[in-house]
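[1] A predicted structure for the sequence below; I have some questions about it.
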Amino acid sequence: MIRRQILYRRCRFFLRAGSLILVAFVAFWLLFDPARDSGSTVVFSADGAVVAVGGYDGTVRLWDTRTESLLWTARGHDDAIDCAVFSPSRRMLAAASRDGKTIVWDVVSGCAISVRRGLHAKCLQFSHDEEDIFAGKWKSQGNLGTRTLQRWKVNSGPEVPLDLRWTKNVDYILGFSRENGIATIGPGSELCILKDARRQVIDLDGPDSFTEVTAIAQSSDERQLAIGDESGGVAIWDTLTWERKARWKMSECGVTSLCFSSDNRYLAGVTWVGLQGGGAVKVYDTATSTEALLFEDKNAHVGAVAFTPEGKVVGWLHWGRFIKNAIRSWDIPPSEKSGWR
């Protein structure tokens, strides 16, 4: 009888302890939900009005940057979002996940327009007429791999492989409205321009070559192309002559995001700060070749930046320790406190 009572008390103790552990785990999960993290992918629309955040859990969230309100949440992926891009008119958003699915979402309703399976995309880009999607597709080759270029119609049209044997890998894709052409950037800043049946390969390295390209930006008039690398260097090229207009050191760490203003006078960039994963936002005046620091925090991760129609710089910030996200904006030109240098 005594043994039964002891056994009963022990069982009740372990049940209570297990319940408390379960409650604590659920509370911790709700508080530190991975879906509310900094996001595996952060991309702004061209006008900076909305920002799409792809989570490590496969969700895609669209936020209004003016009101900082969540517009919609889309669930269609089973793994982390690797890349995303808005269409030129901001009518559609394409997102690719590690699960091999690329989904095109309607920006207004948050509903899926089309789904492409079996495609592990590294980068995405809409054609200028928004009828086609180009993707840098990851293709495994043993322990190595290459990224070839694929194209298909937005409305679930057939996939069309594009011959890119003259390039290495496809890391970034740019769209050019003139002749509805596109360009790809691979390792070593190798640029390949595709216009109809014509091909042009340009080496953007120069005498002081780039390391791995980590960010690109295209001006609104498509006359300038900015590239940032993992060593903190940034350069701007004229896309008509492909002559380098400027090059400077933005930071000692990698550049993770770049964006031109609507008038193409300013270039905003995001860089790492220190070894703890902090972030800084800087702006470069292309007319005076001066730079100003807008924001710096060793505990904050800056996902991406963009320019608003009002001329402000807007950024997506995340503090991992407290799982806190924020949309912050800065005036351009910056205040005297920030100062150009």
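    All right, it came through fine.
[2] can you give me the helices for the chain?
    Secondary structure of the chain (DSSP state H): helices located at 2-31.
[3] what's around Arg151, how many residues?
    For Arg151, the neighbour count with other CB atoms under 10 Å is 18. C-betas here are computed from N, CA, C, even on glycine.
[4] confidence score at it?
    The model reports Arg151 with a pLDDT of 82.
[5] thought it was touching Phe134?
    Yes. With contact defined as CB atoms under 8 Å, Arg151 counts as touching Phe134 (5.2 Å).
[6] what comes up buried for stretch 119-137?
    119-128, 132-137 (16 or more other CB atoms under 10 Å).
[7] farthest-separated two in those?
    His120 and His128 (25.3 Å; CB to CB).
[8] bridged to Asp293, which residues?
    Heads up, residue 293 is Leu, not Asp. Lys282 (DSSP bridges).
[9] distance of it from Ala268?
    11 Å (CB to CB, to the nearest Å).
[10] same deal with Gly279?
    Distance of Gly279 to Ala268, computed by CB to CB: 13 Å.
[11] point out where the stretch 201-341 of the chain drops to low pLDDT.
    205-211, 274-277, 320-324, 334-341 (pLDDT under 70).
[12] rewinding a little: from the buried residues of stretch 119-137, which land in strands?
    Ala121, Lys122, Cys123, Leu124, Gln125, Phe126, Asp132, Ile133, Phe134, Ala135, Gly136, Lys137 (DSSP state E).
[13] burial of the residue nearest to Val273 when sequence neighbours are not counted, as a residue count?
    Counting by CB to CB, 6 or more residues apart in numbering, Ala280 is the residue found nearest to Val273 once chain neighbours are left out, at 5.0 Å. Ala280: 21 surrounding residues under other CB under 10 Å.
[14] same deal with Thr102?
    By other CB under 10 Å, neighbour count at Thr102 equals 27.
[15] correct me, but it touches Gly118?
    No. Assessed by CB under 8 Å, Thr102 is found out of contact with Gly118, at 9.5 Å.
[16] Gly233 reaches Lys249, doesn't it?
    Yes. Counting by CB under 8 Å, Gly233 does reach Lys249; the two are 5.8 Å apart.
[17] so between those two, which is more surrounded?
    Shown here are Gly233 and Lys249; by other CB under 10 Å, Gly233 has more neighbours (19 against 11).
[18] picking up where we left off before, who are the contact partners of the residue nearest to Val273?
    Ser251, Val270, Thr271, Trp272, Val273, Leu293, Phe295, Glu296, Asp297, Val302 (CB atoms under 8 Å, 6 or more residues apart in numbering).
[19] strands of the stretch 101-250 of the chain, start to end?
    Using DSSP state E, counting those that start in this stretch, the strands of the stretch 101-250 of the chain run over residues 102-106, 112-116, 121-126, 132-141, 144-153, 160-161, 172-176, 181-186, 190-195, 198-203, 213-218, 224-229, 233-238, 244-249.
[20] any chance of these in a markdown table, plus distance to Thr65?
    Formatted as a markdown table, those follow (distance: least, CB to CB, whole Å):
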| stretch | distance to Thr65 |
| --- | --- |
| strand 102-106 | 18 |
| strand 112-116 | 23 |
| strand 121-126 | 21 |
| strand 132-141 | 25 |
| strand 144-153 | 30 |
| strand 160-161 | 35 |
| strand 172-176 | 23 |
| strand 181-186 | 27 |
| strand 190-195 | 31 |
| strand 198-203 | 35 |
| strand 213-218 | 18 |
| strand 224-229 | 22 |
| strand 233-238 | 24 |
| strand 244-249 | 28 |
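[21] of all these, which one is nearest Lys312?
    strand 213-218 (16.8 Å).
[22] that closest one: how far from the chain's middle?
    Here strand 213-218 is found 10 Å from its chain centre; the criterion is CA atoms, centre = their mean, to the nearest Å.
[23] list the contacts of that strand.
    By CB under 8 Å, 6+ apart, the list of residues contacting strand 213-218 reads 171-172, 174-175, 185, 187, 189, 224-230, 254-260, 267, 269-270.
[24] got a PyMOL select line for the buried ones in these?
    Buried residues within these, by 16+ other CB under 10 Å, are selected in PyMOL with:
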select buried, resi 171+172+174+175+185+189+224+225+226+227+228+229+230+254+255+256+257+258+259+260+267+269+270
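[25] pLDDT score for the closest residue in space to Tyr56 that isn't next to it in sequence?
    Nearest in space to Tyr56, with sequence neighbours left out and distances taken as CB to CB, 6+ apart, is Ala80 at 4.4 Å. Note on Ala80: pLDDT of 91.
[26] right, and Phe134 touches Leu174 too?
    No. In this structure Phe134 lies outside contact range of Leu174 using CB under 8 Å: 9.7 Å.
[27] need the residues touching each of these two.
    Gln125, Ile182.
[28] low-confidence stretches in the stretch 1-150 of the chain?
    In the stretch 1-150 of the chain (pLDDT under 70), the answer is 1-15, 17-20, 22-39, 138-147.
[29] try 80 this time
    1-40, 119, 137-149 (pLDDT under 80).
[30] thinking again about what came up before, higher neighbour count, Leu293 and Ala268?
    Taking other CB under 10 Å, Leu293 and Ala268 do not tie; Ala268 has more neighbours (24 against 15).
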